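Colleague: Need coordinates for the following:
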Amino acid sequence: MGQQAIELRDVCKKRRSKTIGPMNLRLPQGYITALVGQNGAGKSTLLNMLMQLIVPDEGEIRWYEEAYRGVLPLEVRQTIAYVPEMPQPEENFWTPGEAAAFRSHWYPAWDQSYFEELIRKFEVPPNARLGKMSKGERRKFELAAALAAKPRLLLLDEPSSGLDPFAWKTMIDSLHKYMEEHEATVVISTHIVDEVRRLADYIVLMHQGQLLGMAEKDSLFGSWTELWVQIEDEQDLQALAAELPQALELKQEAPGVASLLTQQIYLYEKRIQELGVKVLKSRSLELDEILSLWTRGHRPVLIDQKRGE
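Modeller: The predicted model follows:
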């Protein structure tokens, strides 16, 4: 049975205007999971609950398959590193070295040489005060410090915020290398579709405080296809749609040409040929288009949350 890094059981957090949850979720150890969704979907709230910065009003959270009453034991907390979307102001008057010296006391596995290597790689100014740095420079320091703590669980809230394209690529490469060497678990909250495409093993979609589901990223590609077909009239289009389960957005594009969206087209190619319908062209939907359909209730085939057992 594969170990779960995180498990949520009927977790709810009540806000003034809405409730986040209930959420049931199992994140396997050793993989990168991307939390995606619009602003206000509940992604940051979920990360804050995993850090125990806030506690759920209902339900239970398990870390490494253990539930803890009250606060997390220090030895568990020391295996978790967190990069919030907004940095903490307490370190604003420190240089990167001073802040690293303070953090090293809290993390027994702290790797100072690795921290210094990342600071050089990210081109963080070593003598600047953290509060005087640009947003991107501060973000690069936070990422370097989080990785230097050698966490088993790394939580990143909008990690690329403020990064230029060169620093973004360095971040992607550094995270990949860290995962390969340490088999850590990473949870990322992000709006950047390319970040999800490059990093994630799993995608968790949140919408308006609800967890819509979890899917293997690779299984989403090719799950929806847009077809352009040659038809005689609207009746022929409706007949074709009846043969394609979950067909969406049927429309006449031009005289004799129509388009539609459908899932898992490879299962129905033979039937389309039998109907004598000519496919003029097709394309697989991009990841952002698939996620948009998902939020509108047209969800792809989801993985079983018990997978890995």
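
Colleague: what are the phi and psi angles of the residue most central in space within the chain?
Modeller: Taking CA atoms, centre = their mean, the centroid of the chain lies closest to A34, which sits 1.1 Å from it. Here is the backbone geometry of A34 (degrees, to the nearest 10): phi -100, psi 130.

Colleague: In stretch 242-261, which residues are buried?
Modeller: The neighbour-count check on stretch 242-261 (16 or more other CB atoms under 10 Å) flags L244, A247, L250, A258, S259, L260, L261 as buried. Where you see a C-beta, it was placed from the backbone N, CA and C, and this is true even at glycine.

Colleague: residue boundaries of the helices in the stretch 201-309 of the chain?
Modeller: Under the criterion DSSP state H, counting those that start in this stretch, the stretch 201-309 of the chain contains helices at 217-220, 234-243, 269-274, 287-295.

Colleague: next one: the stretch 51-200 of the chain
Modeller: Secondary structure of the stretch 51-200 of the chain by DSSP H, counting those that start in this stretch: the helices cover 74-77, 96-104, 112-122, 135-148, 165-182, 193-199.

Colleague: Would you mind giving these as TSV with mean pLDDT, distance to M23 and mean neighbour count added?
Modeller: Output for these, formatted as TSV (pLDDT from 0 to 100; distance: least, CB to CB, whole Å; neighbours: other CB atoms under 10 Å):
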stretch	mean pLDDT	distance to M23	mean neighbour count
helix 74-77	92	21	12
helix 96-104	96	30	17
helix 112-122	96	33	16
helix 135-148	96	24	22
helix 165-182	92	25	15
helix 193-199	89	19	17
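
Colleague: With distance to Q29 added, can I get the ones you listed in JSON lines?
Modeller: JSON lines is the format used below for the helices of the stretch 51-200 of the chain (distance: least, CB to CB, whole Å):
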{"stretch": "helix 74-77", "distance to Q29": "14"}
{"stretch": "helix 96-104", "distance to Q29": "24"}
{"stretch": "helix 112-122", "distance to Q29": "22"}
{"stretch": "helix 135-148", "distance to Q29": "18"}
{"stretch": "helix 165-182", "distance to Q29": "11"}
{"stretch": "helix 193-199", "distance to Q29": "17"}
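
Colleague: Contact partners for the closest residue to L260 other than its chain neighbours?
Modeller: The shortest distance from L260 to any non-neighbouring residue, by CB to CB, 6 or more residues apart in numbering, is to L250 (4.5 Å). L250 is in contact with L237, Q238, A241, A258, S259, L260, counting by CB atoms under 8 Å, 6 or more residues apart in numbering.

Colleague: Verify the contact between the fifth one and W228 for me.
Modeller: Yes - with contact defined as CB atoms under 8 Å, S259 counts as touching W228 (4.9 Å).

Colleague: Now do the shared contacts for these two.
Modeller: Common neighbours of S259 and W228 (CB under 8 Å, 6+ apart) are E253.

Colleague: wait, which of the helices of the stretch 201-309 of the chain is closest to E183?
Modeller: helix 217-220 (18.3 Å; CB to CB).

Colleague: elements contacting the closest one?
Modeller: In terms of contacts (3 or more CB pairs under 8 Å, 6 or more residues apart in numbering; DSSP states H and E), helix 217-220 is packed against strand 202-207, helix 287-295.
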